[in-house]
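A.B. asks: okay, structure incoming, though there's no sequence with it:
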């Protein structure tokens, strides 16, 4: 299965909260901490949930100090 990686940065003290919030959206994304010292996080998202995950991240960014670094690209099918 293909996945899309969404890269973001959050303050270290928000990482635990963000993990819990993302888990609440079951099946939308898996959050992975790339570098906890830098607050660098990666959301692994199925292509079908890419827009949903971006909507969630943008909504959370209004209340938490999140920075969307790379929104990821949804792979396109090469089959006719």
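C.D. replies: Nice, thanks for sending it over. These numbers come from a predicted model, not from an experiment. Residues are numbered from 1 along each chain as shown.
A.B. asks: in this protein, where is pLDDT below threshold?
C.D. replies: For the chain, applying pLDDT under 70 flags the ranges 1, 75-80.
A.B. asks: what segments of it are helices?
C.D. replies: Ranges of helices within the chain are 15-24, 50-63, based on DSSP state H.
A.B. asks: how about these in a markdown table, adding mean neighbour count and distance to residue 9?
C.D. replies: For glycine as for every other residue, the C-beta is placed from the backbone atoms N, C-alpha and C. Putting the helices of the chain into a markdown table (neighbours: other Cβ atoms under 10 Å; distance: least, Cβ to Cβ, whole Å) gives the following:
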| stretch | mean neighbour count | distance to residue 9 |
| --- | --- | --- |
| helix 15-24 | 14 | 10 |
| helix 50-63 | 15 | 10 |
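A.B. asks: can you add distance to residue 38 and give the ones you listed back as TSV?
C.D. replies: Converted to TSV, the helices of the chain look like this (distance: least, Cβ to Cβ, whole Å):
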stretch	distance to residue 38
helix 15-24	11
helix 50-63	17
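A.B. asks: with respect to residue 33, which of the ones you listed lies nearest?
C.D. replies: Minimum separation from residue 33 across these (Cβ to Cβ) falls at helix 15-24, 6.3 Å.
A.B. asks: give the other helices and strands that that closest one contacts.
C.D. replies: strand 29-35, strand 40-45, helix 50-63 (3 or more Cβ pairs under 8 Å, 6 or more residues apart in numbering; DSSP states H and E).
A.B. asks: for residue 6, find the nearest of those.
C.D. replies: Among the helices and strands packed on helix 15-24, the nearest to residue 6 by Cβ to Cβ is strand 40-45 (4.1 Å).
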